[in-house]
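# Give the three-dimensional model of this entry:
(2 chains)
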Protein chains: 2
Amino acid sequence: MSAPDSNLIEHTTHSEQLMQGRFLQVLRDTVRLPDGGSDTREYVVHPGAVMIVPLLDDGRLVLERQYRHPMGKVMIEFPAGKLDAGEDTFTCARRELLEETGYAAREWARAGVIHPVISYSTEFIEIWFARGLTLGERSLDQGEFLEVFSATVEELAEWCKDGRVTDAKTLTALLWLQNVQNGTWALQWRQDARQGSAG
Amino acid sequence: MSAPDSNLIEHTTHSEQLMQGRFLQVLRDTVRLPDGGSDTREYVVHPGAVMIVPLLDDGRLVLERQYRHPMGKVMIEFPAGKLDAGEDTFTCARRELLEETGYAAREWARAGVIHPVISYSTEFIEIWFARGLTLGERSLDQGEFLEVFSATVEELAEWCKDGRVTDAKTLTALLWLQNVQNGTWALQWRQDARQGSAG
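Okay, here's the model as predicted:
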């Protein structure tokens, strides 16, 4: 009797680092294929990231415009950022929202997780919704330039339809927004203990 | 007077290849930042890809289960594949659908484009819907192992909600499916000339 998915699963027999850049690390693994053959898999090792979907009290969304070098253009996207070493995703979400937009949130809800590029990166992106926003002061990373603006869900949907928004994580955020809005998908909101005690 | 988005746009001053693997190529560009400073950007150079959303006559979707090494598990996703050198996206969509699933389609509609990883890859994925499916014989690439199955839109939505589906392109396909289904987003269908003349 064969194990479940033994017709699909690969087993790593060797792993080597191909590259360690300032930002990107690339591995090449040798794998044993389901039919006993051998092949190689090259992929980026990524610490993981979060995306924040910030809801203003009037129902508008907080978005960003940021120049993305591999795209060669300014992209519309939700705030997002990589996990620092040892950082949990909630702490990261709170930190990135504040740093990039200046907003703090009274309530948070973890929506789900995205794998943006399953064929050549280990990256995951956890989606966090934030509401009860109050504006403080943002503090961008060195070398980070972005504009913060707001839009309605309907405006965002129009831009996703007509191709002005093509960023996969932001498209997935719209999927969540539409399904939460029509009552099909539910969010479990929780208070931010730090914000709660301050307010 | 400053040019539009001069507060955001970076300009490449130098480009070097960091790595050329069997599959992945990585570049490191030096850029001049909006404030006149300098920084580096590392990214994967990708030929682009297509995803096919195949609709069976009974309304069910054709999906795949495939082991994805960077994820270390079997993922549920729509058929997809990289462009061959010089290949247009429609030819690629037709080829990948046939190779991976064995299906040919009488009608096709280009839905939109996704950028899965705007911070460190040039990859785009064009989304093609396919209908009027007839089953022939599939011919997987060397070293490619996957299972083909079908599901309803409602089943796929449930899996996207509960985390069984986390692949970004497949989540974006559900966004399109739901908005097409409720009449908000429209698809422009066209006959496949080769299929049309044969049938």
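# Now do the helices in chain A.
Listed in chain order, the helices of chain A (DSSP state H) span A:89-101, A:153-162, A:168-181, A:193-198.
# Just tell me which of those ends up closest to chain B.
Ranking the helices of chain A by their distance to chain B (criterion: C-beta to the nearest C-beta) puts helix A:168-181 first, at 4.0 Å. (C-beta placed from N, C-alpha, C; glycine too.)
# I'd like to know how many residues surround residue A:85.
5 (other C-beta atoms under 10 Å in any protein chain shown).
# tell me the contacts of it?
Contacts here follow C-beta atoms under 8 Å, 6 or more residues apart in numbering or on different chains; on that basis residue A:85 touches residue A:47.
# Identify, out of the helices of chain A, the most deeply packed stretch.
Burial of those is given as mean neighbour count (mean count of other C-beta atoms under 10 Å in any protein chain shown); helix A:168-181 ranks first at a mean of 23.
# Who are the packing partners of that one?
Here helix A:168-181 touches strand A:49-54, strand A:73-77, strand A:103-114, strand A:125-135, helix A:153-162, helix B:153-162, helix B:168-181, going by 3 or more C-beta pairs under 8 Å, 6 or more residues apart in numbering or on different chains; DSSP states H and E.
# Need the CA coordinates for it. CSV is fine.
Presented in CSV, the C-alpha positions along helix A:168-181 are these (Å, rounded to 0.1, in the frame of the first residue of the first chain):
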residue,chain,number,x,y,z
ALA,A,168,-1.6,39.6,-6.3
LYS,A,169,-1.9,40.3,-2.6
THR,A,170,-4.1,43.3,-3.2
LEU,A,171,-6.3,41.3,-5.5
THR,A,172,-6.6,38.7,-2.8
ALA,A,173,-7.5,41.4,-0.3
LEU,A,174,-10.4,42.4,-2.5
LEU,A,175,-11.6,38.8,-2.6
TRP,A,176,-11.7,38.9,1.2
LEU,A,177,-13.3,42.4,1.3
GLN,A,178,-16.1,41.4,-1.1
ASN,A,179,-16.9,38.1,0.7
VAL,A,180,-16.8,39.8,4.1
GLN,A,181,-19.0,42.6,2.8
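# So for that helix, mean pLDDT?
In this model, helix A:168-181 carries a mean pLDDT of 98.
# That one to strand B:125-135, inter-axis angle?
70 degrees (axes from the mean of the first three to the mean of the last three C-alpha atoms, to 10 degrees).
# how much distance is there from helix A:168-181 to the middle of the chain?
Its chain's C-alpha centre and that of helix A:168-181 lie 12 Å apart, by C-alpha atoms, centre = their mean, to the nearest Å.
# same question, stretch A:74-94
Relative to the mean C-alpha coordinate of its chain, stretch A:74-94 is positioned 7 Å out (C-alpha atoms, centre = their mean).
# pLDDT of it, averaged?
97.
# still on that earlier bit, of the helices and strands packed on helix A:168-181, which is nearest residue B:106?
Judged by C-beta to C-beta, the one of the helices and strands packed on helix A:168-181 that comes nearest to residue B:106 is helix B:168-181, at 17.9 Å.
# Show me where chain A dips below the pLDDT cut-off.
A:1-2, A:195-199 (pLDDT under 70).
# need the contact list for the residue nearest to residue A:14 when sequence neighbours are not counted.
Computed as C-beta to C-beta, 6 or more residues apart in numbering or on different chains, the closest residue to residue A:14 that is not its neighbour in sequence is residue A:30, at 4.0 Å. Residues counted as contacts of residue A:30 (C-beta under 8 Å, 6+ apart) are A:12-15, A:38-40.
# now the helices and strands packed on helix A:168-181 in CSV, with distance to residue A:168?
Below are these laid out as CSV (distance: least, C-beta to C-beta, whole Å):
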stretch, distance to residue A:168
strand A:49-54, 10
strand A:73-77, 10
strand A:103-114, 7
strand A:125-135, 9
helix A:153-162, 11
helix B:153-162, 13
helix B:168-181, 4
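# Tell me which of those sits nearest to residue B:26.
Among these, strand A:49-54 comes nearest to residue B:26, with 18.9 Å by C-beta to C-beta.
# Can you get me a residue count around residue A:140?
Residues near residue A:140, counting by other C-beta under 10 Å: 12.
# and of the helices of chain A, who's closest to residue B:62?
Short answer: helix A:168-181, nearest of these by C-beta to C-beta, at 20.1 Å.
# re the thing from before, what's the distance between the residue nearest to residue A:14 and residue A:71?
Separation of residue A:30 from residue A:71 (C-beta to C-beta, to the nearest Å) stands at 32 Å.
# again, but for residue A:112
From residue A:112 to residue A:71 the distance is 25 Å (C-beta to C-beta).
# For residue A:56, give me its contacts.
Taking C-beta under 8 Å, 6+ apart as the test, what residue A:56 contacts is A:62, A:133, A:150.
# nearest to residue A:91, of those residues?
Closest approach to residue A:91 among those (C-beta to C-beta): residue A:133, at 17.7 Å.
# my guess is the closest one contacts residue A:103, does it?
Yes - under the criterion of C-beta atoms under 8 Å, residue A:133 makes contact with residue A:103 at 4.5 Å.
# joint contacts of the two?
Joint contacts of residue A:133 and residue A:103 (C-beta under 8 Å, 6+ apart) are A:54, A:62.
# Identify the residues contacting the closest residue to residue A:121 other than its chain neighbours.
Nearest residue to residue A:121, sequence neighbours excluded (C-beta to C-beta, 6+ apart): residue A:44, at 4.1 Å. Contact partners of residue A:44, counting by C-beta under 8 Å, 6+ apart, are A:24-26, A:117, A:120-123, B:24, B:44, B:70, B:120.
# Go again with 7 Å.
With contact taken as C-beta atoms under 7 Å, 6 or more residues apart in numbering or on different chains, residue A:44 is in contact with A:24-26, A:120-122, B:44.
# Let's see if you can find the most crowded of those.
When neighbours are counted by other C-beta under 10 Å, residue B:44 leads the contacts of residue A:44 with 25 neighbours.
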